[in-house]
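Enquirer: coords please:
(2 chains)
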Number of protein chains: 2
Amino acid sequence: MPQGLSGTLGDVGEFAVVAALASRFPQASGVIVGPGDDAAVVAVDGGEAVISLDMLVQGRHFRLDWSSATDIGHKAAAENLSDINAMGGRATTLLVGVGAPPELDVAWALELADGLAAEAAKVGASVVGGDLTRADAITIAMTALGVCEHGVVRRSGAHAGDVVALAGRQGWADAGFAVLARGFRSPRVVVDAHRQPQPPYEAGPEAARLGATAMIDVSDGLLQDLGHVAAASGVAIDVDSARFDVPEPLQAVGAALGIDPKKFLLTGGDDYGLVATFPAGAALPDSWRVIGAVLEDGEQGTVTVDGAVYDEPAGHQHFR
Amino acid sequence: MPQGLSGTLGDVGEFAVVAALASRFPQASGVIVGPGDDAAVVAVDGGEAVISLDMLVQGRHFRLDWSSATDIGHKAAAENLSDINAMGGRATTLLVGVGAPPELDVAWALELADGLAAEAAKVGASVVGGDLTRADAITIAMTALGVCEHGVVRRSGAHAGDVVALAGRQGWADAGFAVLARGFRSPRVVVDAHRQPQPPYEAGPEAARLGATAMIDVSDGLLQDLGHVAAASGVAIDVDSARFDVPEPLQAVGAALGIDPKKFLLTGGDDYGLVATFPAGAALPDSWRVIGAVLEDGEQGTVTVDGAVYDEPAGHQHFR
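Expert: Model (predicted):
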């Protein structure tokens, strides 16, 4: 609650500020899912729409020396489309706002647009409008709108006994970031994963059809994002690290940089895979790999690895 | 078209860049109104939704020494809600993205949220989510989603012989800006109009009911925004300056600062009034004042004042 919340954004941290902000916003009856999930769901003209907004800032979410304008367009759209995917939805519509300095080349802006359009085309979404304004740092705001044809999957429905399963890549973009941060440009496959994530856009609606009880996209780190599911659902989750195959490129990056590659898997963000809970015994296709379970007991809101608290930061938090 | 468009954003200017960007975005069949209007209209779950995104940047769209956080919240929401109004729609939903430095007081962010929520409440809209991220300058991105219960009014439907009518205040916020820019704080009524615009939220759906043929909100300047209607509709428009009553506060500011107050009326932005065209003979209620006409001849895309080209910049354009 906002009462007693004092200090700067840096003091208080992203998640507490977001919770305080959300508490200021009364929700009308047409709001089906309000603040606090990957996207909101609202009544529209007799139906329902799922909608989300993301903001990306030069130097925080992307670097012009690491990524082309096309890459940044792909990544911005992917992050936003992934929010719809994480609700079990299919995005139909994107809007984009761009703040940029007047010195920016028009060619760069057009390449950004091409990247956005190409990523949107992967799900059949159209970029229908937006805004262009002057700003010192390149800033991209995106809104995705879509529909949940197979029902909405929230963060809050996980039950004790459910299995936890992952779809899509995990750890690749973080390995790419580690490589780029040390001034390298290879292995190319992980650098490319950082530049243009490959979210599993089929998997969100599929999870809804398969009866997923909760879902989130892995944007900030697997353990941290699973923590949001655990907190929203009031459950404890354990991840079984033996269930992960460590992909060869992650092994190579780990060996070259002296990093345990499981760190990429457990705490890496920016691949925009999905992690979901399903009732025990659900028949899951190959697109979903079981990586853990919702515990019958355990402290609500916690995520453990192989039964123990994980010792490192579980993911990325802004302002911290 | 993007071919041949070279140089920087500053060289090319906002409107040409926006047109080039829009040409990069293919539109799927579910897009009813794509880029180039106040908002887009898309098919959603059996119905239709109207949607728009705006971005506001500290130092460009607001100044912390001129406006409180609450003021900025009101203004950001008003600008965005106005886009829906300008399509004849009613907004139901807002999303907000905030980029801010870690040194920002949480109290400031909460007051911003209160301003957003209060403005949204004027139309019964809910703030359902958003994003919070780190940025050097405070940056606000907003998306409004709504419905057009009485049909969609675009920029492109004006016909020769239509009357041009205005709803809501015009010139007040610009007079307030002129006062603030010279270091004054009064007349309070125009300063308040700059800080918290009062868009005529009833007038948009009303215009749709009344059979408006085209509509736009006055965000950048009356003549410039009418120019968008003239261009989209392929018509010429003449504004009859004798139709304007110059409100007393604008006369006072004009006299004090040595500015012809008609300049506020003709080129001022940020009041978020609506200007629409209606078939000649339409019975308009008092909320709409006839201020001009769509000409039977005249150069397509032009707006004249009392039959002559207006000699000053018609409004605000980013990057110029």
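Enquirer: shaky segments in the stretch 201-320 of chain A?
Expert: A:318-320 (pLDDT under 70).
Enquirer: count the neighbours of A:A175 for me.
Expert: Neighbour count for A:A175, taken as other Cβ atoms under 10 Å in any protein chain shown: 30. From N, CA and C alone the C-beta is placed, and that goes for glycine too.
Enquirer: please name the nearest non-neighbouring residue to the residue nearest to the spatial centre of chain A.
Expert: Among the residues of chain A, the one closest to the centroid is A:S219, at 2.9 Å (Cα atoms, centre = their mean). Distances taken as Cβ to Cβ, 6 or more residues apart in numbering or on different chains place A:G269 nearest to A:S219, at 5.3 Å, with adjacent residues excluded.
Enquirer: find the nearest non-adjacent residue to the residue of chain A lying at maximal distance from its centre, please.
Expert: Within chain A, the residue lying farthest from the chain centre (Cα atoms, centre = their mean) is A:E103, at 31.7 Å. Distances taken as Cβ to Cβ, 6+ apart place B:T8 nearest to A:E103, at 5.4 Å, with adjacent residues excluded.
Enquirer: ok, the one you found touching A:W108?
Expert: No. Look at B:T8 against A:W108 with Cβ atoms under 8 Å: they stay out of range, at 9.4 Å.
Enquirer: what are the ranges of the strands in the stretch 51-200 of chain A?
Expert: Ranges of strands within the stretch 51-200 of chain A are A:90-100, A:126-134, A:139-147, A:163-167, based on DSSP state E, counting those that start in this stretch.
Enquirer: would you confirm that the residue nearest to A:S219 belongs to a helix?
Expert: No. Counting by DSSP: H, G, I helix; E, B strand; the rest coil, A:G269 is not part of a helix but coil.
Enquirer: so who does it touch?
Expert: A:A173, A:D174, A:V218, A:S219, A:D220, A:G221, A:D225, A:G315, A:H316 (Cβ atoms under 8 Å, 6 or more residues apart in numbering or on different chains).
Enquirer: ok, now which ones touch A:E206?
Expert: A:A167, A:P285, A:S287.
Enquirer: likewise A:A118?
Expert: Each residue near A:A118 by Cβ under 8 Å, 6+ apart is listed here: A:T70, A:G73, A:H74.
Enquirer: A:D297 is in what secondary structure piece?
Expert: Assigned by DSSP states H and E, A:D297 belongs to neither a helix nor a strand.
Enquirer: quick check, it in contact with A:A236.
Expert: Yes. Contact between A:D297 and A:A236 holds when scored by Cβ under 8 Å: they sit 7.2 Å apart.
Enquirer: these two: who's more crowded?
Expert: A count of neighbours by other Cβ under 10 Å puts A:A236 above the other of A:D297 and A:A236, at 20 against 8.
Enquirer: that one: what's it in contact with?
Expert: When contacts are counted by Cβ under 8 Å, 6+ apart, A:A236 touches A:A230, A:V294, A:L295, A:D297, A:G298, A:E299, A:Q300, A:G301, A:T302, A:V303, A:T304.
Enquirer: ok, now A:K262?
Expert: Contacts of A:K262 (Cβ under 8 Å, 6+ apart): A:S241, A:F244, A:V246.
Enquirer: again, but for A:L95
Expert: Counting by Cβ under 8 Å, 6+ apart, A:L95 touches A:V127, A:V128, A:G129, A:G130, A:M142, A:T143, A:L145, B:A40, B:I51, B:S52, B:L53, B:T143.
Enquirer: again, only using 7 Å
Expert: A:L95 makes contact with A:V128, A:G129, A:G130, A:M142, A:T143, B:I51, B:L53, B:T143, according to Cβ atoms under 7 Å, 6 or more residues apart in numbering or on different chains.
Enquirer: ditto for A:F15
Expert: Contacts for A:F15 were tallied using Cβ under 7 Å, 6+ apart; they are A:Q317.
Enquirer: circling back to that earlier point, just confirm the residue nearest to A:E103 contacts A:L104, I think it does.
Expert: Yes. Using Cβ atoms under 7 Å, B:T8 is in contact with A:L104, at 6.1 Å.
Enquirer: looking at the two, which is more packed in?
Expert: More crowded of B:T8 and A:L104, by other Cβ under 10 Å: A:L104, with 21 against 18.
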